[in-house]
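*Asks:* Sharing a model that was predicted from the sequence below.
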Amino acid sequence: MPLYNRLKEHRARLGLNQQELGRLAGVSRQTISQIERGDYSPSVTLALKLAKICGTRVEDIFTYQEDESHA
């Protein structure tokens, strides 16, 4: 799925590790790690929560790009 993110950058800017961000968002460290690696796409609710924690918009963290072969 072509969902890209800058969560790691935003997390680093806040000085949080994956465990701390996960606790604030109500998910595990593993979930945060999977999102940052692009192995897991968060629900809309979790994406909104993460953006609120980071003090930014969802679009500043997550970017969706259409697969050009299906355009």
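*Replies:* Okay, I see it.
*Asks:* Assess the claim that residue 7 and residue 34 are in contact.
*Replies:* No - counting by Cβ atoms under 8 Å, residue 7 stays clear of residue 34, with 10.6 Å between them. Backbone N, C-alpha and C define where each C-beta goes, glycine included.
*Asks:* Look at these two and report which has more neighbours.
*Replies:* residue 7 (22 against 16; other Cβ atoms under 10 Å).
*Asks:* show me the contacts for the more buried one.
*Replies:* Contacts for residue 7 (Cβ atoms under 8 Å, 6 or more residues apart in numbering) come out as 32, 35-36, 50, 54, 61-62.
*Asks:* what do you get if the cut-off is 10 Å, keeping everything else the same?
*Replies:* 18, 21, 32-33, 35-38, 42, 47, 50-51, 54, 61-62 (Cβ atoms under 10 Å, 6 or more residues apart in numbering).
*Asks:* Repeat that for residue 8.
*Replies:* So, once contact is read as Cβ under 10 Å, 6+ apart, residue 8 ends up touching 18, 21, 32-33, 35-37, 61.
*Asks:* Could you identify the longest helix within the chain?
*Replies:* helix 44-54 (DSSP state H).
*Asks:* Check which residues of that helix are buried.
*Replies:* Residues of helix 44-54 classed as buried: 46-47, 49-51, 53-54 (neighbour count, 16 or more other Cβ atoms under 10 Å).
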